[in-house]
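In: quick one, fold the following:
(one chain, ligands or ions: 1)
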Amino acid sequence: MTTLTAIKKLNIQQIRNDFPILQTEMRGKPLVFLDSAASSQKPKGVIDAISQYYESQHANVHRGVYELSQEATDAFELGRERVRAFINSEFTDEVIFTRGCTESINLVASCFGKKFLNKGDEVIISAMEHHSNIVPWQMICEEKGAILKVIPVNEKGEIIFEEYEKLLSDRTKIVSIVHISNSLGTINPIKAVIELAHERGVPVLVDGAQATLHTKIDVQELDVDFYTFSGHKVYGPTGIGVLYGKRKWLDAMPPYQGGGEMIKTVSFEKTTYNELPFKFEAGTPDISGAIGLGIALKYITDLGLDAIAEHEKELLEYGTKKLLEIDGLRIIGTSENKASVISFLIDGTHPYDIGTILDKMGIAVRTGHHCTQPLMDFYGIPGTVRASFAVYTSIEDIDKLVAGVERAARMLR
Ligand code: PMP
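Out: Next up, the predicted model:
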C-alpha cells in the first residue's frame with residue numbers, strides 16, 4: 001500500500017499580505033508583479049529583520065570583544081547556519097557569503113581556474129547559460145589558454161545529454177551548468193549531469209540562481225561540488241549571495257580577494273590565510289544581508305517547499321494553457337520539466353512593445369534576451385516576453401496578464 005503525504009494547500013491571499021509591495025499601486029492600478037525570476041519581492045519579516053538589526057544590533061563582526069559586536073557576529077553566523085540547513089551542506093564553513101550568484105561563479109572560475117586550469121584543458125557549460133555562467137569562464141579560459149565547450153540544446157530548450165556525454169574527455173577540468181534556466185524555465189537533469197562527470201573524476205558547479213525558490217536543494221544528496229545562488233531571488237535582500245563548495249575544493253583553491261578577515265597573519269614578507277569560510281570573505285561582509293537571507297530561507301521553509309512547488313505548478317499549467325489560447329502566441333521553452341517561467345512571443349509584434357503596453361496596465365514582466373544572448377541566437381529571436389511566478393503569484397495575476405497580452409496584441413496588430 002502506498003502512503004500519500006498530503007501536500008498542504010497554501011493560502012495565497014494570506015501570503016500576499018506578507019509582502020508590503022504587493023499592496024501598492026503602479027500607474028494607478030494594483031501592481032501585478034510577474035518578474036520574480038529577475039528578483040523576487042520581500043516579505044515583511046525580512047524587511048523588519050534588517051531594520052531591527054540596524055536599530056539595535058549593528059557593529060562590525062568577528063572583531064570586537066564588546067557585547068554589541070558579539071551579538072552582530074552571532075546574528076550574522078546564524079544567517080550562515082540557516083543557509084547550511086537550507087541546502088543541507090555537511091559543514092557550515094562550506095557556505096561562503098558573496099555579493100550574489102554572479103560573484104560566486106566568478107570566484108570559482110577565478111580561483112579554481114588559477115589552480116587547476118592549464119593550456120589545452122576544457123571547461124564545459126551549456127547553451128542555455130546566463131551570461132554570468134559564460135563570461136567568467138571565457139575570461140579564465142582566455143587567461144589560461146583553456147577551451148570552452150558548450151552542450152547544445154534542442155528546440156524544446158533541453159540539453160542534449162548524449163552530446164554532453166561526448167564532450168566529456170580527459171581534458172575536461174570542470175562542468176558548470178544552470179539548474180533552472182531563467183529564460184526558458186527548463187529544469188536540467190543536474191543529478192545525472194553530476195553523476196556522469198563524477199564517473200570521470202570531473203567536478204561540477206551548479207548555478208542555482210533560479211532554483212532555490214522553487215525546489216528543495218540538498219547539496220549532499222546531489223553530491224554537487226559547487227552550488228551558487230543569490231539572496232534577492234529567494235525573497236531575501238540584494239547584495240548577498242552564496243557559494244557552497246565542498247571543503248576539499250575550497251581548501252585547495254587560492255583566495256579570491258585579499259584584505260581584512262581573510263588572513264591569519266600578515267607581515268611584509270609573508271601572509272598566511274584564514275580558515276574557511278573566511279579565506280574567501282575579504283573585508284566587512286554584508287551583515288544585514290546575511291541576517292535577511294536567513295529569515296527569507298526560514299520563511300520558505302516554514303511555508304514548505306513542496307507546497308510552494310505545488311502552487312507554482314498550478315500557476316505554470318494554468319498560465320501556459322491560457323496564454324496559448326491567444327492568437328499567434330508561441331511559447332519558447334517547452335520542456336515537460338519546467339519551473340514557473342513562461343517566455344513567449346506573439347507573431348507580428350516585438351516583445352518590447354508588449355512589455356511597454358503591459359506596464360501601462362500596472363503589469364510588470366521582463367522583455368529582452370534575459371542575459372542569455374547565445375540562447376536567443378539559437379532560437380533566432382531578439383528576445384522574449386517573460387512572465388515568471390513566485391509563491392505570492394495568484395491566478396488573478398495570470399488572468400490580468402492574459403487579458404493584458406490579448407489587448408496589447410490587438411493594439412499592435
Ligand atoms: N544565473 C541565472 C540563471 C540567473 O537567472 C541570474 C540572474 N538573472 C544569475 C545567474 C545572476 O544572478 P545575480 O545577478 O543575482 O548575481
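
In: which ones are touching the residue of the stretch 301-413 of the chain found nearest the ligand?
Out: In the stretch 301-413 of the chain, the residue that lies nearest the ligand is Cys371 (5.8 Å; CB to the nearest ligand atom). Every residue, glycine included, has its C-beta placed from N, CA and C. Residues counted as contacts of Cys371 (CB atoms under 8 Å, 6 or more residues apart in numbering) are 130-132, 182.

In: the lowest-mean-pLDDT helix or strand in the chain pairs with which strands, and in what direction?
Out: Least confident helix or strand, the chain: strand 25-26 with a mean of 92, by mean pLDDT, DSSP states H and E. Strand 25-26 has the following strand partners under DSSP bridges: strand 29-30 (antiparallel).

In: low-confidence ranges in this structure?
Out: Flagging of the chain using pLDDT under 70 yields the residue ranges 1-6.

In: enumerate the residues of it near the ligand.
Out: Contact residues, the chain versus the ligand (CB under 6 Å from any ligand atom): 38, 100-102, 130, 132-133, 178, 182, 207, 209-210, 230, 371.

In: what ranges does this structure have for its helices?
Out: 12-17, 44-56, 67-87, 101-116, 135-144, 161-167, 190-199, 219-222, 247-252, 287-303, 305-324, 351-360, 373-379, 395-412 (DSSP state H).

In: pull the residues that contact the second one.
Out: For helix 44-56, the external contacting residues (CB under 8 Å, 6+ apart) are 18-20, 72, 75, 235-237, 287-288, 291-292, 294-296, 298-299.

In: and Ala192, how many neighbours?
Out: Neighbour count of Ala192, defined by other CB atoms under 10 Å: 12.

In: for ChimeraX, write the select line for the buried members of the contacts of helix 44-56.
Out: Here is the ChimeraX command that picks out the buried ones among the contacts of helix 44-56, judged by 16 or more other CB atoms under 10 Å:
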select :18,19,72,75,235,236,237,287,288,291,292,294,295,296,298,299
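
In: chain neighbours aside, what residue packs nearest to Asp93?
Out: In this structure, Asp93 finds its nearest non-sequential neighbour in Leu276, 4.1 Å apart by CB to CB, 6 or more residues apart in numbering.

In: tell me which residues touch the one you found, please.
Out: Counted by CB under 8 Å, 6+ apart, Leu276 has contacts 93-94, 96, 247, 250-251.

In: could I get the residues you listed as JSON lines with distance to Arg84?
Out: Converted to JSON lines, those look like this (distance: CB to CB, whole Å):
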{"residue": "Asp93", "distance to Arg84": "9"}
{"residue": "Glu94", "distance to Arg84": "7"}
{"residue": "Ile96", "distance to Arg84": "11"}
{"residue": "Arg247", "distance to Arg84": "13"}
{"residue": "Leu250", "distance to Arg84": "14"}
{"residue": "Asp251", "distance to Arg84": "17"}
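
In: so which of those residues is the closest to the ligand?
Out: The ligand has its nearest neighbour among those in Ile96, at 14.2 Å by CB to the nearest ligand atom.

In: ok, the closest one touching Phe280?
Out: Yes: with contacts counted by CB atoms under 8 Å, Ile96 reaches Phe280, the gap being 4.6 Å.

In: shared neighbours of those two, anything?
Out: Joint contacts of Ile96 and Phe280 (CB under 8 Å, 6+ apart) are 107, 243, 250.

In: returning to that earlier point: just the buried residues of the contacts of Cys371.
Out: Judged by 16+ other CB under 10 Å, buried ones among these: 130, 132, 182.

In: adding distance to Glu163, write those residues out as a markdown table.
Out: Shown next, in a markdown table, are the buried ones among the contacts of Cys371 (distance: CB to CB, whole Å):
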| residue | distance to Glu163 |
| --- | --- |
| His130 | 20 |
| Ser132 | 23 |
| Asn182 | 22 |
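
In: now, the residues you listed that are in strands?
Out: Among the buried ones among the contacts of Cys371, none falls in strands (DSSP state E).

In: what's near enough to touch Asp151?
Out: Rather than Asp, residue 151 is Ile. 124-127, 159-160, 163-164, 167, 177.

In: which of the residues you listed tops the neighbour count?
Out: Ser126 leads the contacts of Ile151 on contacts (other CB under 10 Å) with 29 neighbours.

In: tell me how far the closest residue to it other than its chain neighbours lies from Ala409.
Out: Nearest residue to Ser126, sequence neighbours excluded (CB to CB, 6+ apart): Ile151, at 4.2 Å. Going from Ile151 to Ala409 by CB to CB, to the nearest Å gives 35 Å.

In: can you check Pro203 too?
Out: Pro203 sits 47 Å away from Ala409 when distances are taken as CB to CB.

In: show me how the protein divides into domains.
Out: Domain assignment for the chain by automatic domain parsing gives 3-30+304-412, 47-301.

In: so what's the gap between the shortest one and the chain middle?
Out: The one in question is domain 3-30+304-412. Relative to its parent chain, domain 3-30+304-412 has a centroid offset of 18 Å by CA atoms, centre = their mean, to the nearest Å.

In: residue at max distance from the center of the chain?
Out: Distance to the chain centre peaks in the chain at Glu269, reaching 40.7 Å (criterion: CA atoms, centre = their mean).

In: contacts for the least confident helix or strand of the chain?
Out: Applying CB under 8 Å, 6+ apart, the contact partners of strand 25-26 are 31-32, 359, 362, 364.

In: drop anything exposed from these.
Out: Among these, the ones that count as buried by 16+ other CB under 10 Å are 31-32, 362, 364.

In: would you point out the most distant pair within those?
Out: Greatest spatial distance in these: Gly362 and Ala364, 7.8 Å, computed using CB to CB.
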